[in-house]
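**Q** build the 3D model from these lines:
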Amino acid sequence: MSSRGFGARSAFGVRGVRLIADGIPASMPDGQGQAATFNLDMAERIEVLRGPFSAIYGNHSGGVIQLFTRDGDGAPTLETTLVGGSDGARKFDLNARGKAGAVGYVLDASRFDTDGYRSHSAARREQAMAKLTLAPLDGAKLTIVANSLRQHDTQDPLGVQWATFLRDPRAGEIDSTDTQSPKRTFAERYDTRKNIDHQQLGATWEQRFGDDRLRVTTYVGNRQVIQYQAFSKGFQAPASHSGGVVDFDRDFYGSDINWLHVVQLAGGKLSTTIGIDYGRSSDARQGYENFVGAQFGVRGKLRRDERDTVSSVDPYVQTEWQSGPWLLSAGLRHSRMKVEVDDHFASNGNDSGSLSYSHTTPVLGLLYQVSPRLNVYASAARGFEAPTLNELFYSGAAAGFNFNLKAAQSTHLEAGVKARLDQGTRLNAALFQVRTSDELVVDSSNGGRTSYRNASSTLRQGAEVSLDSSWKHGFSSRLALTTLRAVYQQGFGAVRRGSRLPGVPNANAYAELAWKDSAERFGAALEAQASSRIYAEDANLDRPAPGYGILNARVNAGQNWGGWRFKQFIRVNNLLDKVYVGSLIVGDTNKRYYEAAPGRNWLLGASAQYAF
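**A** Below you'll find the predicted structure:
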């Protein structure tokens, strides 16, 4: 995930974009997040915040993605869904919703399997969630959410070089040092894979006092990951190298307490929120060799053993004053993040130590309502991105913990319009600019190990336009276009001034034409997605992933019969069977940047719901 270029070069999970589910962070205190923990089956809506006002969320808030799941209400329902598709894709989901007395509940469990489009890319994901909503007092609401994610033996096909991608997009890169005949790919020889076990419990208490409100959120969780990487036994690793197997057990918890106060001031309404956000994670982290004798892809000798702790404390204030056509918004957040390393493996050289980052992020915005159908606005902010644990783990060829990385700091500007052109058409348009100093860039990337450095300043300039329309006879359309110029303003090493940031397209677009009948029994849509070329490394010397355009189509139907509700859908992606690069591994030293997206593929699903 990336937002205006932030997060585009992430080697693991999501960085640079803050993830939140039902008010509970899905991002760790260091800024690293995992979108896989989002339960999309029970999603009611997803809100995306871009631009300067995302900075009010603090560290790693180049953008914010918030998921809101459904509340339990109404008569009890039980629903089951079956989905099948290309490459052995299959999914089963079972959920129950309703309200029993004063308690609303949502329960969901699902299992997804796929054989994978590429060689060595099979995966299984088991997900479950429970959500309870209660009103124990007048003006109060208590929400409790529990989530679980389990992925075992999720295979990693790894990236390939350009020549291999052209020869066979589904193939992996052959390991020329393999002693077997025929030679295996790196993914096959090292059996690259990952196991994930993630559990999280959170609760939010909201109490109203007239227009004022107190909100208290607290959460706790555990995440265990074991990852087997393709790291050659023949590599002459320094003594401080951590091996080819990553194994960590993370406990994390945090809370957010805020107070909203509303008063009348200077002929307008002033709403002010004051709060403090705290988070902490503690990793018991080990590293092992990924071989025993001549056998690869197994846990070998211990090479790393440490305790990594990250904590953050962020007091903040946000205020909004509205009077007539004017809306003035402002915010201030002071973020402090501390990283502590306690190295228990002295034979690797003691990497124990600590470092801290702090930054104040101010935000200011002004909106003017020109007419009931037209708003214009402008906003500005200062933001920052501290290095995540994954970016601090390695220091160039030495592979030791990197205590020298600085936080990147950025200045955001935006101006735009929000207009309703007629009763059925809505237009949003924005111009934006972001200047960043001490940008975090890839120093080297090899065998799953990516080290980082601070580079010179960068500039991101762009425009966004979206147009949503409703037409006669059940038709509707959507159009979204983004252009983004993201470049280095100063050269460094082999990178020249004006080089494009890797992982960031110059332009991308989405369009949709949809139809549904008046009774909403049938619907269909045609989608188009397009992206310009994307560079894979900072110097822009290697072959960029070419631009592409694809078409997708979907058809859905629904029927009611007594207390039953039946739904069916069929979806075909990449209708024209285009061959294109779906993702890039930015900065890979071996130039294995490219990962192919699936060709033409389909999904077919049906569900049955019964209301008691």
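
**Q** any idea how far residue 287 lies from residue 41?
**A** Per C-beta to C-beta, to the nearest Å, residue 287 is found 35 Å from residue 41. No exception for glycine: its C-beta is placed from N, CA and C like everyone else's.

**Q** among those two, which residue is more densely surrounded?
**A** Neighbours were counted for residue 287 and for residue 41 using other C-beta atoms under 10 Å; residue 287 has more, 24 against 18.

**Q** so which residues of the stretch 301-450 of the chain form helices?
**A** Applying DSSP state H, counting those that start in this stretch to the stretch 301-450 of the chain gives helices spanning 389-392.

**Q** poorly predicted segments of it, please.
**A** 346-350, 396-400, 446-449 (pLDDT under 70).

**Q** which parts of it are strands?
**A** Secondary structure of the stretch 301-450 of the chain by DSSP state E, counting those that start in this stretch: the strands cover 302-323, 326-343, 353-371, 374-385, 408-422, 425-437, 440-446, 449-454.

**Q** between those strands, which one is closest to residue 503.
**A** For the strands of the stretch 301-450 of the chain, the distance to residue 503 is smallest for strand 440-446, at 9.8 Å, taking C-beta to C-beta.

**Q** given that closest one, what are its sheet partners and their directions?
**A** strand 449-454 (antiparallel) (DSSP bridges).

**Q** how about residues contacting the partner strand?
**A** Here strand 449-454 makes contact (C-beta atoms under 8 Å, 6 or more residues apart in numbering) with 11, 229, 231, 387, 390-391, 393-396, 399, 402, 405-406, 408, 438-445, 587.

**Q** next structured bit after it?
**A** The helix or strand immediately downstream of strand 449-454 is strand 458-470, counting by DSSP states H and E.

**Q** chain center to that next one: distance?
**A** 20 Å (C-alpha atoms, centre = their mean, to the nearest Å).

**Q** same deal with stretch 38-56?
**A** On C-alpha atoms, centre = their mean, the centre of stretch 38-56 falls 10 Å from the chain's centre.

**Q** what comes up buried for that stretch?
**A** The neighbour-count check on stretch 38-56 (16 or more other C-beta atoms under 10 Å) flags 38, 39, 41, 42, 49, 50, 51, 52, 53, 54, 55, 56 as buried.

**Q** turn the strands of the stretch 301-450 of the chain into a markdown table, including distance to residue 209 and mean neighbour count.
**A** A markdown table is the format used below for the strands of the stretch 301-450 of the chain (distance: least, C-beta to C-beta, whole Å; neighbours: other C-beta atoms under 10 Å):
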| stretch | distance to residue 209 | mean neighbour count |
| --- | --- | --- |
| strand 302-323 | 18 | 19 |
| strand 326-343 | 22 | 19 |
| strand 353-371 | 26 | 16 |
| strand 374-385 | 30 | 20 |
| strand 408-422 | 32 | 17 |
| strand 425-437 | 35 | 18 |
| strand 440-446 | 43 | 21 |
| strand 449-454 | 47 | 21 |
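
**Q** for residue 465, find the nearest of the ones you listed.
**A** Among those, the nearest to residue 465 by C-beta to C-beta is strand 425-437 (4.8 Å).

**Q** hang on, the earlier thing: need the max-distance pair from the buried residues of stretch 38-56.
**A** 41 and 52 (33.1 Å).

**Q** picking that back up, can you say which of the strands of the stretch 301-450 of the chain is nearest to residue 502?
**A** So among the strands of the stretch 301-450 of the chain, strand 440-446 is nearest, using C-beta to C-beta, at 7.8 Å.

**Q** list the contacts of the lowest-mean-pLDDT helix or strand in the chain.
**A** Ranking every helix and strand in the chain by mean pLDDT, DSSP states H and E puts strand 440-446 at the bottom, with a mean of 77. Outside strand 440-446, the residues that touch it by C-beta under 8 Å, 6+ apart are 9, 11, 385, 387, 391, 396-397, 405, 408, 450-455, 502, 537-538, 585-590.

**Q** roughly how far apart are residue 203 and residue 134?
**A** For residue 203 relative to residue 134 (C-beta to C-beta), the value is 10 Å.

**Q** what does residue 427 give?
**A** The gap separating residue 427 from residue 134 is 41 Å, by C-beta to C-beta.

**Q** then residue 565?
**A** Residue 565 is 27 Å from residue 134, by C-beta to C-beta.

**Q** same deal with residue 521?
**A** Distance, residue 521 to residue 134, using C-beta to C-beta: 36 Å.

**Q** can you list the residue ranges for helices in the chain?
**A** With helices called from DSSP state H, the chain shows them at 162-167, 186-190, 389-392.

**Q** who's in contact with the last one?
**A** Okay, so that is helix 389-392. With C-beta under 8 Å, 6+ apart as the test, helix 389-392 has contacts from 11-12, 15, 30, 32, 283, 308, 310, 339, 401-403, 405, 440, 450, 452.

**Q** tell me the one of those nearest residue 468?
**A** residue 15 (30.2 Å).

**Q** my guess is the closest one meets residue 388, correct?
**A** Yes: Residue 15 is within contact range of residue 388, at 5.6 Å (criterion: C-beta atoms under 8 Å).

**Q** show me the beta-bridge partners of residue 50.
**A** According to DSSP bridges, the residues that bridge with residue 50 are residue 63.

**Q** please apply the same query to residue 553.
**A** Assessed by DSSP bridges, residue 553 has beta-bridge partners residue 526, residue 572.

**Q** kindly provide the distance from it to residue 89.
**A** Distance from residue 553 to residue 89, by C-beta to C-beta: 17 Å.

**Q** between the two, which has more neighbouring residues?
**A** When residue 553 is set against residue 89 and neighbours are counted by other C-beta under 10 Å, the residue ahead is residue 89, at 20 against 14.

**Q** shouldn't that one be in contact with residue 603?
**A** Yes: Residue 89 is within contact range of residue 603, at 6.7 Å (criterion: C-beta under 8 Å).

**Q** shared neighbours of the two, anything?
**A** Residues within reach of residue 89 and of residue 603 at once, by C-beta under 8 Å, 6+ apart, are residue 83.

**Q** returning to what we had before: which one of the strands of the stretch 301-450 of the chain lies nearest to residue 460?
**A** Per C-beta to C-beta, nearest to residue 460 of the strands of the stretch 301-450 of the chain: strand 425-437, 4.2 Å.

**Q** between that closest one and strand 408-422, how big is the angle?
**A** Strand 425-437 runs at 170 degrees relative to strand 408-422, counting by axes from the mean of the first three to the mean of the last three C-alpha atoms, to 10 degrees.

**Q** show me what strand 425-437 is packed up against.
**A** Under the contact definition 3 or more C-beta pairs under 8 Å, 6 or more residues apart in numbering; DSSP states H and E, strand 425-437 sits against strand 408-422, strand 458-470.
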